[in-house]
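In: got a sequence here, can you model it:
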Amino acid sequence: MRVEDARAFVEVNVLTPALNNAAVAGKVRATIQNTRSWLPRFDRIGDLVAYMDRFQGTADTEVYKGLKSVGLKTFEDIHDEFMAKFGKFASERTRLDDFVVGQRYTSSQLVIFAELYDNRSGGILLIGNPPKPQAVFVKATFSGGKYPNKWISEPDRLKYYLKSRNAVFSETYIENAAIIKNPDLPVFVFHRLEERQPFTFAGQFRAERVVSEADGSKWFDLVQSSVISPTNRVDEGELRRTFAQKVANAVQTSREARLNRLKSAPKRPPTVATTAIAYLRNPDVVAEVLYRSQGVCEGCGMNAPFDRKSDGSPYLEVHHKMHLSEGGEDTVENAIAICPNCHRREHFGTRTWQ
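Out: Below you'll find the predicted structure:
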């Protein structure tokens, strides 16, 4: 069963009749229209089942009363039939380990997972019931947001403000207390530069401490877990970018500090599952470009540095002058055969071809 089928069931039985009926009051109509806008945002059938399971029995809501008053079906009316058709797929929903470090997510995807269904739900989303939720999501906006959240040390330490009401940053607010009282609670950090952008998943963090400012504001010092949780996959490109940033940070610290860290560092690195986007390249392009080169690097003009162990052919690497990730074509004209040294220069030094 597809999520599209479940969406269509709700659309046909409640949304379309309500929006096509002129007798439906304006406020009720606006709420129904908003629900219609949310329906395509449910990516998995189990997530929509969880949403629909909220509508049971009768309800003392304006929408329920408004639809019943003009003889239309409500969400509550279709609940049992919906669950009979689609309830068996309740387990086919988004899970915590589906979130991939380095990938982007909309605010709607995050609040649907938190079962809040409102993008005005704030920046701290509890996953599960307080006072001991399963995890917590924090949505950090660095420019134009309500709070001046920022990296203390990108990408592993974040300054993130507590939830506040009327400029009161109380540690007793449910969202704040859940983090403070559960030191081992995994904090999933999602960040973006400015409003309207999707969020990038930075990984799991923990709250190291709460810092109070002179103006009464308070913020969490969020520190990335020492290793990426094995429950979360990592985008391969993000893994490379993050490692490069950490190397740059290590270079900037004192040698004494570096040596002290090395004394207690594990000698074997942990492993993590990664995801990557791969291009299904044309093997004829590779073969033709290697034939054209005749074993001579088309970058520096030197002979291939060695022969392949597998077949004795000159070892050169086929590189796209305009990278495939930049929209370059997988054609003979856009490809060159170059030695490993020239290839590394094209990716990490000043590019010869653009």
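
In: the bottom helix or strand of the chain by mean pLDDT?
Out: Lowest on mean pLDDT, DSSP states H and E among the helices and strands of the chain sits strand 274-275, with a mean of 75.

In: please enumerate residues in contact with that strand?
Out: 100, 103, 233-236, 239 (CB atoms under 8 Å, 6 or more residues apart in numbering). To be clear about C-beta, it is placed using only N, CA and C from the backbone, and glycine gets the same treatment.

In: what's the answer for stretch 57-75, then?
Out: In contact with stretch 57-75 (CB under 8 Å, 6+ apart) are residues 10, 13-14, 17-18, 21, 23-25, 27-28, 31-32, 52, 55, 76.

In: how does it look with 10 Å?
Out: 10, 12-15, 17-18, 20-32, 35, 51-52, 54-56, 76-77, 79, 81-82 (CB atoms under 10 Å, 6 or more residues apart in numbering).

In: for the least confident helix or strand of the chain, which strands pair with it and how are they oriented?
Out: Strand pairing for strand 274-275, determined by DSSP bridges: strand 234-235 (parallel).

In: past the partner strand, which element shows up next along the chain?
Out: Of the helices and strands lying after strand 234-235 in sequence (DSSP states H and E), the nearest is helix 236-252.

In: grab the nearest non-local neighbour of residue 168.
Out: residue 216 (7.6 Å; CB to CB, 6 or more residues apart in numbering).

In: near the one you found, how many other residues are there?
Out: Residue 216 has 10 neighbouring residues, counting by other CB atoms under 10 Å.

In: repeat for residue 105
Out: Neighbour number of residue 105 under other CB under 10 Å is 18.

In: quick check: closest non-adjacent residue to it.
Out: residue 199 (5.4 Å).

In: give me the distance between that neighbour and residue 206.
Out: Applying CB to CB, to the nearest Å, the value for residue 199 to residue 206 is 19 Å.

In: more crowded one of those two?
Out: residue 199 (21 against 18).

In: so which of the contacts of stretch 57-75 are in helices?
Out: The helices, defined by DSSP state H, take in 10, 17-18, 20, 26-32, 35, 51-52, 76-77, 79, 81-82 from the contacts of stretch 57-75.

In: in ChimeraX, how would I select the buried members of the residues you listed?
Out: Burial among the ones in helices among the contacts of stretch 57-75 is assessed by 16 or more other CB atoms under 10 Å; the matching ChimeraX selection reads:
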select :10,17,18,28,29,31,32,35,51,52,76,77,79,82
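
In: ok, residue 11 - contacts?
Out: 17, 19, 35-36, 39-40.

In: quick one: it and residue 321, what's the gap?
Out: 48 Å.

In: ok, now residue 102?
Out: 27 Å.

In: picking that back up, report the contact partners of the residue nearest to residue 105.
Out: 103-107, 109-110, 137-141, 189-192.

In: ok, 8 Å please
Out: Taking CB under 8 Å, 6+ apart as the test, what residue 199 contacts is 104-107, 110, 139, 190-192.

In: just flag the most distant two among those residues.
Out: Taking CB to CB, the two most distant members of these are 106 and 191; they sit 13.6 Å apart.

In: quick one, which of the two is more surrounded?
Out: Counted by other CB under 10 Å, residue 106 and residue 191 do not tie: residue 191 has more neighbours, with 21 against 13.

In: hang on, the more buried one in a helix?
Out: No. Per DSSP: H, G, I helix; E, B strand; the rest coil, residue 191 lies outside any helix segment and is strand.

In: enumerate every residue touching residue 23.
Out: residue 70.

In: repeat that for residue 177.
Out: 130-131, 171.

In: and it, what pLDDT?
Out: Model confidence at residue 177, given as pLDDT, is 96.

In: tell me the secondary structure at it.
Out: helix.

In: and residue 111, what does it touch?
Out: Residue 111 neighbours (CB under 8 Å, 6+ apart): 117-119, 121, 125.

In: how does it look with 10 Å?
Out: Going by CB under 10 Å, 6+ apart, the list of residues near residue 111 reads 38, 41, 117-122, 125, 137, 139.
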